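> below is the sequence, then the predicted model.
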Amino acid sequence: MANASEERRQRGIEDGWICVGAFAGAHGVRGDVRLKSFTDVPSALFAYPSLHKGANGPALKVKLLRDAPDGFIVRVDGVMNREDAQALKGTRLYVSREALEAEDEDEFYLADLIGLEARDASGAVLGIVRAVENFGAEDLLELVLTKPLKGLGRHAFIPFRKAYVPVVDIRGGFAEIAFDDWVETHISERDPDDMEEGAK
C-alpha cells in the first residue's frame, strides 16, 4: 500500500502546493488553450492570486475567455499559436497551500483529507484516504484498506458524513471512520443476487 506522502503527491498535493487545474490542449489556431478546473466551484480557479506551472514553478498569466463544456477556454501569456498551446497539454496548475488557508483553525479543505490515516473508534488503522471523490450525489472518501474486505477488495468509498466520519484531525494526521456501521449499511443495500454472484 502506498504511503500517505506518495498518495498526496499522486493527487497533486506536494511540498505546500495543491493542484487546482490542468491544461487540456489547444483550442483553435490562435493559441487559445482548454483548461480543466479541479476546484469545487470551477470558476474559483481564476480567483487565486497566481497560478503556477507545476509545484513551486513559475507563475503564469491566465486570462479567461469563455466557458467550455469540459472547462474553460483561456489565453496564456506568451502562448501565440496552436503548437505552443498544444505543448501545454497535461501541464498542471498549482497554487500555494497558503493561498487556500481556511479562515478558522477548525476548518479544512477536502484536499487536506488526502493521505490521512483512516482509523476506527478504537484507534486501529484501517488504511489511508486515497482521494475525495464525488460522483454526483455527495463527497466520498476513497480508502485504501490495509486488509481486503470480502466482496469489496482493498478500496472502500465512505460517504463524507458525520455519521461515518465523526472525527477529522488534520494536525493528528487521521480521520476516524465508523467502518463497521458503513459495512453493515453497505452490505444491506447491495442486491442479494449480486452477493450470491460474488460468493461463487
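Here it is on my side, so go on. Worth saying up front: this structure is predicted, and the values here are computed from it rather than measured. Numbers count the residues shown, from 1 in each chain.

> list the contacts of stretch 156-166.
With CB atoms under 8 Å, 6 or more residues apart in numbering as the test, stretch 156-166 has contacts from 127, 132-133, 138-143, 145, 149, 175-179, 181-182. Glycine gets a C-beta too; all of them are placed from N, C-alpha and C.

> for that stretch, which positions count as buried?
Buried residues in stretch 156-166, counted by 16 or more other CB atoms under 10 Å: 156, 158-160, 164-165.

> show me the chain divided up by domain.
Domain assignment of the chain by automatic domain parsing yields the ranges 13-100, 110-194.

> mean pLDDT added to those domains, as a markdown table?
Below are the domains of the chain laid out as a markdown table (pLDDT from 0 to 100):
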| stretch | mean pLDDT |
| --- | --- |
| domain 13-100 | 89 |
| domain 110-194 | 85 |
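
> show the buried residues in the contacts of stretch 156-166.
Members of the contacts of stretch 156-166 classed as buried by 16+ other CB under 10 Å are 127, 132, 139-143, 145, 149, 175-179, 182.

> and which of those residues is nearest to His52?
Val132 (22.1 Å; CB to CB).

> so the closest one sits against Asp112, correct?
No - look at Val132 against Asp112 with CB atoms under 8 Å: they stay out of range, at 9.5 Å.
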